[in-house]
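I'd like to go over a predicted model; first the sequence, then the structure.
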Amino acid sequence: MNFMRVSWGMSALVWFAVIVLCCVFWGWWASLVAVIFGLFPDVALIGAFAGEGRLKPSRVRLYNTLHTMTYPIVLLVVGLIVFLTTGALDGGFWPIALAGVAWFVHIAADRALGFGLRAPDGSIIPVGYQLS
């Protein structure tokens, strides 16, 4: 196991603990948001397998888009801004930030388990490998 996978795993565990604390604090609505956005990136896998762990080349772009950190981080930052400007812990609007964290944890856990982005042919690019 390489250092990058260990780092992703540690990050996933820390942020998962944050999700658990948020769900305890805000209740079942928070749990619902966390589960939906924790599973959301794998929508790209529905009907996408071409065999032997490869995705259909036509589905690679959607998979890679949903498994790139850009979108969950933007969602998290926007969510934190909304949360802080609407009252923070005194009743601020939290679902956007929690959605971003759940999406982030999903991707970080995938990376920790060795599931990187997909190559154009649908095969998994190992975590830490740079395409030339």
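It's in. As the structure is a prediction and not an experimental result, all values here were calculated from the model.

quick one: Cys23 and Trp103, what's the gap?
In this view, Cys23 and Trp103 are 15 Å apart by Cβ to Cβ, to the nearest Å. In short, each C-beta sits where N, CA and C put it, glycine included.

And the strands in this structure, which stretches?
For the chain, the strands defined by DSSP state E occupy 49-51, 54-55.

Give me the sheet partners of the first one and which way each runs.
As defined by DSSP bridges, the strand partners of strand 49-51 come to strand 54-55 (antiparallel).

Centre of the chain to the strand it pairs with, how far?
Taking Cα atoms, centre = their mean, to the nearest Å, one finds strand 54-55 lying 20 Å from the centre of the chain it belongs to.

could you give the mean pLDDT of it?
For strand 54-55, the mean pLDDT works out to 90.

List of residues touching it?
For strand 54-55, contacts defined as Cβ atoms under 8 Å, 6 or more residues apart in numbering pick out 45, 48-49, 63, 118, 121-123.

How about stretch 15-24?
Stretch 15-24 has contacts (Cβ under 8 Å, 6+ apart) with 30-31, 34, 38, 94, 98, 101-102, 104-105, 108-109.

Most neighbours out of those residues, which is it?
Greatest neighbour count in the contacts of stretch 15-24, by other Cβ atoms under 10 Å, goes to Ala102: 28 neighbours.

Thank you kindly, that will do.
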